[in-house]
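> Predicted model and sequence below, questions to follow.
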Number of protein chains: 2
Amino acid sequence: MRQHYHEQLEEVSRYLVEMSRLVETAMERATRALLNADLQLAESVISDDEAINALAQRVEDECVSIIALQQPVASELRAIVGALRMCATLERMGDLAAHIAKQARLRHPGMSIPTELRATFSMMGAIATSVVQKVAGVLDTRNLELAAGVALADDEMDRLHRELFTTVLSSSWTHGVEAAIDVTLLSRFYERFADHGVSIARRIAYIVTGELPTKSELAENA
Amino acid sequence: MRQHYHEQLEEVSRYLVEMSRLVETAMERATRALLNADLQLAESVISDDEAINALAQRVEDECVSIIALQQPVASELRAIVGALRMCATLERMGDLAAHIAKQARLRHPGMSIPTELRATFSMMGAIATSVVQKVAGVLDTRNLELAAGVALADDEMDRLHRELFTTVLSSSWTHGVEAAIDVTLLSRFYERFADHGVSIARRIAYIVTGELPTKSELAENA
């Protein structure tokens, strides 16, 4: 019975890593769709979000089945409840990638972002992708050094997010209200995405150490 | 043992209702702070968000303790896992109320919204407050007619959200980029808030009927 139990727990872990990989792909492709006004790519990100949601449902079912059949002890339960939360967060990260793709679709064949901001969004996409890549690594290995990397990447994302705000509000902004709103919403999607990555990294640190670290405590593991 | 068990389950339910009431107060006060540029009120919404988060942690601990001590059967487990999810969603709704208060604080002593949009935001605040009020009722009574009301209120919120987009993008918009961004972000907070309410109403319908309804299926119970 206990043997099967640990197999089930490992399966949940594998599902979460798999979800992270799907979210990583979604984010990488959503950014590419945005930067190249690529409608087909945007559509595929939007429709592939279903697979992430379906996997989330499977994780939830699996967790319920473990609890029902195996009567885990309190510390194991914390891990399972943590998995449920992380799974909901990964689902939300997938939604944010889909939001970015929807924005690209909305403005197609035009661009959602002015040319001079392409580099910034390209960087935000790269940071977001690296955040969820590290999250997959932390889920897989419980390596808290990787978790620290998530916190540091989030700092960089916050910096870019603030920079974009300054840009659209400066007197030299010539692209009008609609483009300013597009840029602000997109920037917020990336920033929220990284925040969610931090929340997963903190949860894993909690499961490993028994203490829920703040973001700056998490960064100290670097 | 089973007696104590049902008491524990009811306690979780009571906590969720209590969380909804706190979120309702937060949303009502955040809207008032926004409409009146009331800094003190905004500060209190922001600091009171801690109490909502603390209650969320207590619900999570309570759920873990029920599962650990009582070995609930599968259908009961579904309800407990549902409670965990709803609790995370209510926490997020509290965050959104705090986001609105932070926006009011950011522009103080100025206003975040132009005078001619006060009526719209006042309406959005009233709808948001009624959504979470209905959510508390659904949590308390499992009455699916109330759940239908949540879906209908969300439709109205979506309509106002779209209307605001049209307003800030129209050629008659004279308040500049910053105000357009403020309005867009605020409008999104209200719209997301109502979405979360719908997701809780759908979860409860699932616990009651065994089927997870779409939003329009939920509205059919009206």
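That came through fine. Numbering: from 1, shown residues only, chains lettered A, B, ... in the order given.

> and the gap between the closest residue to A:Ala219 other than its chain neighbours and chain B?
Distance criterion Cβ to Cβ, 6 or more residues apart in numbering or on different chains; nearest residue to A:Ala219, sequence neighbours excluded, is A:Ala151 at 3.9 Å. (C-beta placed from N, C-alpha, C; glycine too.) From A:Ala151 across to chain B, the span is 19 Å (Cβ to the nearest Cβ, to the nearest Å).

> cool, A:Glu91 as well?
For A:Glu91, the distance to chain B - Cβ to the nearest Cβ - is 11 Å.

> Do a quick rundown of the helices in chain A.
A:2-36, A:39-70, A:74-107, A:118-141, A:144-169, A:176-209, A:215-219 (DSSP state H).

> Mind giving me the packing neighbours of the last one?
If I follow you right, that is helix A:215-219. Applying 3 or more Cβ pairs under 8 Å, 6 or more residues apart in numbering or on different chains; DSSP states H and E, one finds that helix A:215-219 makes contact with helix A:144-169, helix A:176-209.

> Would you format the helices of chain A as JSON lines with mean neighbour count and mean pLDDT included?
Converted to JSON lines, these look like this (neighbours: other Cβ atoms under 10 Å in any protein chain shown; pLDDT from 0 to 100):
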{"stretch": "helix A:2-36", "mean neighbour count": "19", "mean pLDDT": "91"}
{"stretch": "helix A:39-70", "mean neighbour count": "18", "mean pLDDT": "92"}
{"stretch": "helix A:74-107", "mean neighbour count": "21", "mean pLDDT": "92"}
{"stretch": "helix A:118-141", "mean neighbour count": "21", "mean pLDDT": "96"}
{"stretch": "helix A:144-169", "mean neighbour count": "18", "mean pLDDT": "95"}
{"stretch": "helix A:176-209", "mean neighbour count": "21", "mean pLDDT": "94"}
{"stretch": "helix A:215-219", "mean neighbour count": "16", "mean pLDDT": "93"}
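
> closest to B:Asn221 out of the ones you listed?
Closest to B:Asn221 of the helices of chain A, according to Cβ to Cβ: helix A:39-70, at 23.2 Å.

> which secondary structure elements does that closest one contact?
When contacts are defined as 3+ Cβ pairs under 8 Å, 6+ apart, helix A:39-70 packs onto helix A:2-36, helix A:74-107, helix B:74-107.

> and the last one, is it in reach of chain A?
Same thing as helix B:74-107. Yes: using Cβ under 8 Å from any Cβ of the partner chain, helix B:74-107 comes into contact with chain A via B:74, B:77-78, B:81, B:84-85, B:88.

> Mind telling me which residue is nearest the centre of chain A?
A:Met93 (4.0 Å; Cα atoms, centre = their mean).

> I'd say that residue and A:Phe193 touch.
Yes: using Cβ atoms under 8 Å, A:Met93 is in contact with A:Phe193, at 5.6 Å.

> which neighbours do these two share?
Counting by Cβ atoms under 8 Å, 6 or more residues apart in numbering or on different chains, the contacts common to A:Met93 and A:Phe193 are A:27, A:132.

> For chain A, which residues are neighbours of chain B?
Residues of chain A lying near chain B (Cβ under 8 Å from any Cβ): A:60, A:63-64, A:67-68, A:71-74, A:77-78, A:81, A:84-85, A:88, A:168-169, A:173, A:177-178, A:180-181, A:184-185, A:188.

> Thank you kindly, that will do.
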